[in-house]
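Participant: next come a sequence and a model predicted from it.
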Amino acid sequence: GQSLEQPSEVTAVEGAIVQINCTYQTSGFYGLSWYQQHDGGAPTFLSYNALDGLEETGRFSSFLSRSDSYGYLLLQELQMKDSASYFCAVMGSSASKIIFGSGTRLSIRP
Amino acid sequence: DGGITQSPKYLFRKEGQNVTLSCEQNLNHDAMYWYRQDPGQGLRLIYYSQIVNDFQKGDIAEGYSVSREKKESFPLTVTSAQKNPTAFYLCASTGTTALGYTFGSGTRLTVV
């Protein structure tokens, strides 16, 4: 089967940098993506990595190491509005669907 | 503006009833998906469809049914066979970037 692991909670200070890790186990691999979800809202797509390396989109960056089955989401210059749950998701054995991790709840304090 | 519309936003179901959740998209996306989310949990795949008149079971399809008669529409029926249907249901679609889903705003279903 497929499985993903990410920390359940992370706390950080406004203006700081935080990294959310994700490890995965799949029988195949097409890519790793990240989503943000605010309480009561729908997930929104942040980024994806199909190849090894770092992808940067503004304050957010995502990294992938396929050999380590590992990725992370890096959030810089944290703002209070970044308080949300962050999900990693993998397209593994099938190219037609993605499987989500259980999410990391990011809390930011002033 | 293009997007996905889910309705209703809140739905209450009596025990033993079937209910249907609506999902409509105007993004011209081929693939559509239904996920279930329980409090504090991730998203679990119920059903998905890559083309009209075709759909596949996800990881938790028991007690649910779907249809895909039109490209724009992918309704989900929660049947009485689903023993614990109270959850947040999310519909999504994707086009060429298969890893980048667009989600609807969700339907919160409660059994009363």
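Facilitator: Sure thing, it's come through.
Participant: which parts of chain A sit against chain B?
Facilitator: Chain A comes close to chain B at residues A:30-33, A:35, A:41-45, A:48, A:50, A:87, A:89, A:91, A:95-103, as judged by C-beta under 8 Å from any C-beta of the partner chain. The way it works is simple: take the backbone N, C-alpha and C, and place the C-beta from them, glycine included.
Participant: quick check on these: which are buried?
Facilitator: Buried subset of those (neighbour count, 16 or more other C-beta atoms under 10 Å in any protein chain shown): A:30-33, A:35, A:42-43, A:45, A:48, A:87, A:89, A:91, A:97-103.
Participant: quick one: residues contacting residue 70.
Facilitator: Reading this off chain A. Residues in contact with A:Y70 (C-beta atoms under 8 Å, 6 or more residues apart in numbering or on different chains) are A:21-24, A:64.
Participant: oops, I was thinking of chain B
Facilitator: Contacts of B:K70 (C-beta under 8 Å, 6+ apart): B:V52.
Participant: picking up where we left off before, any idea which of the contacts of A:Y70 is least confident?
Facilitator: Note: of the contacts of A:Y70, the lowest pLDDT belongs to A:Y24, at 94.
Participant: beta-bridge partners for that one, please?
Facilitator: Under the criterion DSSP bridges, A:Y24 forms beta bridges with A:L4.
Participant: burial count for the residue nearest to A:E5 when sequence neighbours are not counted?
Facilitator: Spatial nearest neighbour of A:E5, chain neighbours left out: A:T23 (4.9 Å); criterion: C-beta to C-beta, 6 or more residues apart in numbering or on different chains. Neighbour count for A:T23, taken as other C-beta atoms under 10 Å in any protein chain shown: 16.
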